[in-house]
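Student: here is my input; please provide its structure:
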Amino acid sequence: MNKEESHLLGFFTESTSLVLGPTDAETLAHFILRVALSGPDSSDTTNPVLQAVFALASLQLHGSGSANAFRYKRRVVAEIASHATDWLDESALLRNLVATMLLYHCEVGTLESSRRGTWVTFFCAVKRIINTSPAMDKLIRREYSVFLDWIYYHEALSEFTVRHWKVPYDGCGFAPVARSARAVDGIGSQVEEGIGCPTEVLELLVHACRQAIVAPCPEMAYTAAELERATVLEQRISTALGDFGPIPATTTTPRNRRTMVADLHRIACLIYVNRAVHHFSGSEFRHRRLVREGMLLLGELETCQSAWTLFVIGCEAVDDEQRLAILHVCERSRRDPRERSSHIDSTQRLIEAVWNQRDLDEGGKVEYMAILDAVIGGLAFMPLFA
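Tutor: Numbering: from 1, shown residues only. Purely as a prediction, here's the structure:
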């Protein structure tokens, strides 16, 4: 490993929130580096994970015009292509999946790429691999849980994107599935070793999106068992937040940021389910309480790496005070050098477009979800909410 590569590896290690946000990046980064630095080719140019780490770090340091970043990305693509038929080997499958997800993050983490929607290409490749590789079952192990939850997080949020960008919604290819051993064991509400978002939140989001399917064939119809599962998930998430919400009484002890981020995802999920599934108007007491708690939590966090939570809660702002608070969160997130901010400009523009549409609809005659469909679907490219 030469001096440049050592520098890039050091940057990746020290700036995990910047390169791997919005997920809980520290645990994920340890896993990625363990995969990258294991094996006999740990410092070789044929190591796709290590080369992808270099590409991602180089992009963050030097921007999308970096020739070095392009060189590293080209090596990754070439190496993955050369092993395109080697999907039966567990180690090769894991490395190629991790490397492809890092290429996806290269598109997520730069302003130019996220504006063009090029992230779709790499993420579709990931979805094809996990749904068609016969060796995928070998990865359903506890030590791989953070990696599989990482994929599921982005699967669920891409489902939300397609739900509103492509109307009528006919499904997003392969349906997202929670594959990690932790999720399969039914402990999806725990975030201590996860990615910062409870998997049950992601599962309910997928349910909410897929209930909107205009089924072209009977096998795509939503079943009674799936409806019951969605009800159970919603009850669990509501119970986790408690009767009085996640904001405790004033205390001198600072709250755990990871817990706050998990609660923010829970609130955003219930707000969206209220709108998409229960068709709330927004005036209901239970709904207004959730919006209030979400606003307070965003204010306490000060910054927000998740475009989806910021968008869902931000769209609910109805008065000048609430809207100003959302804009302050956007501005603080944009200026924080420790966390990624490539999502902020596009997310803020979408939120403001929803505000404009709601202000024009003084009589409240336009359904809320129709406004989201119009704003998101009006873009020429598929936006990113991860």
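
Student: every contact and neighbour count from this point should use C-alpha atoms.
Tutor: Fine.

Student: lowest confidence element among the helices and strands of this structure?
Tutor: Taking mean pLDDT, DSSP states H and E as the measure, the chain has helix 111-116 as its least confident helix or strand, at a mean of 61.

Student: from the contact counts, what lies against the very next helix or strand once past that one?
Tutor: Going down the chain from helix 111-116, the next helix or strand is helix 119-132, by DSSP states H and E. In terms of contacts (3 or more C-alpha pairs under 8 Å, 6 or more residues apart in numbering; DSSP states H and E), helix 119-132 is packed against helix 90-108.

Student: residues touching the helix it packs on, excluding its own?
Tutor: 19-20, 32, 35-36, 48-49, 52-53, 55-56, 59, 73, 76, 80, 83, 86-87, 113-114, 118-119, 122-123, 125-126, 129, 135-136, 138-139, 147, 151, 342, 384 (C-alpha atoms under 8 Å, 6 or more residues apart in numbering).

Student: now those residues: which count as buried?
Tutor: With burial judged by 16 or more other C-alpha atoms under 10 Å, the buried subset of the contacts of helix 90-108 is 19-20, 32, 35-36, 48-49, 52-53, 55-56, 59, 73, 76, 80, 86-87, 114, 118-119, 122-123, 126, 129, 135-136, 139, 147, 151, 342, 384.

Student: which of those fall within strands?
Tutor: Within those, no residue falls in strands by DSSP state E.

Student: so which of these belong to helices?
Tutor: Using DSSP state H, the members of the buried ones among the contacts of helix 90-108 that fall in helices are 19-20, 32, 35-36, 48-49, 52-53, 55-56, 59, 73, 76, 80, 114, 119, 122-123, 126, 129, 147, 151.

Student: who are the contact partners of E159?
Tutor: Contacts of E159 by C-alpha under 8 Å, 6+ apart are 171-172, 176, 206, 209.

Student: with these in mind, which one is nearest to S15?
Tutor: Closest approach between these and S15, by C-alpha to C-alpha: P176, at 28.9 Å.

Student: now that closest one: how far from H328?
Tutor: 34 Å (C-alpha to C-alpha, to the nearest Å).

Student: more crowded one of those two?
Tutor: P176 (22 against 16; other C-alpha atoms under 10 Å).

Student: what sits against that one?
Tutor: Counting by C-alpha under 8 Å, 6+ apart, P176 has contacts 152, 155-156, 159, 206.

Student: low-scoring stretches of the stretch 101-250 of the chain, by residue?
Tutor: 109-115, 182-194, 214-222, 244, 247-250 (pLDDT under 70).

Student: need the contact list for the closest residue to P383 other than its chain neighbours.
Tutor: Leaving aside its sequence neighbours, P383 sits nearest to G117 (C-alpha to C-alpha, 6 or more residues apart in numbering; 6.1 Å). Applying C-alpha under 8 Å, 6+ apart to G117 gives the contacts 381-384.

Student: switch the cut-off to 10 Å
Tutor: 107-108, 380-384 (C-alpha atoms under 10 Å, 6 or more residues apart in numbering).

Student: any idea how far it lies from V201?
Tutor: For G117, the distance to V201 - C-alpha to C-alpha - is 25 Å.

Student: just to revisit the earlier point, can you redo the contacts of E159 as JSON lines with distance to R289?
Tutor: Converted to JSON lines, these look like this (distance: C-alpha to C-alpha, whole Å):
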{"residue": "G171", "distance to R289": "32"}
{"residue": "C172", "distance to R289": "32"}
{"residue": "P176", "distance to R289": "30"}
{"residue": "V206", "distance to R289": "24"}
{"residue": "C209", "distance to R289": "23"}
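
Student: so where do the helices sit in the stretch 251-386 of the chain?
Tutor: 257-276, 285-301, 307-314, 320-335, 344-360, 368-377 (DSSP state H, counting those that start in this stretch).

Student: tell me the contacts of the nearest residue to R335 once chain neighbours are set aside?
Tutor: Excluding the flanking residues, the one nearest R335 by C-alpha to C-alpha, 6+ apart is S341, at 7.8 Å. For S341, the contact set (C-alpha under 10 Å, 6+ apart) comprises 18, 21-22, 109-111, 303-307, 330-335.

Student: if you set the cut-off to 8 Å instead, what comes out?
Tutor: 305, 333-335.

Student: and if you look at I237?
Tutor: Contacts of I237 by C-alpha under 8 Å, 6+ apart are 189, 200-201, 266, 270.

Student: again with F123
Tutor: So F123 contacts 100-101, 104 (C-alpha under 8 Å, 6+ apart).

Student: many thanks, I have nothing further to ask.
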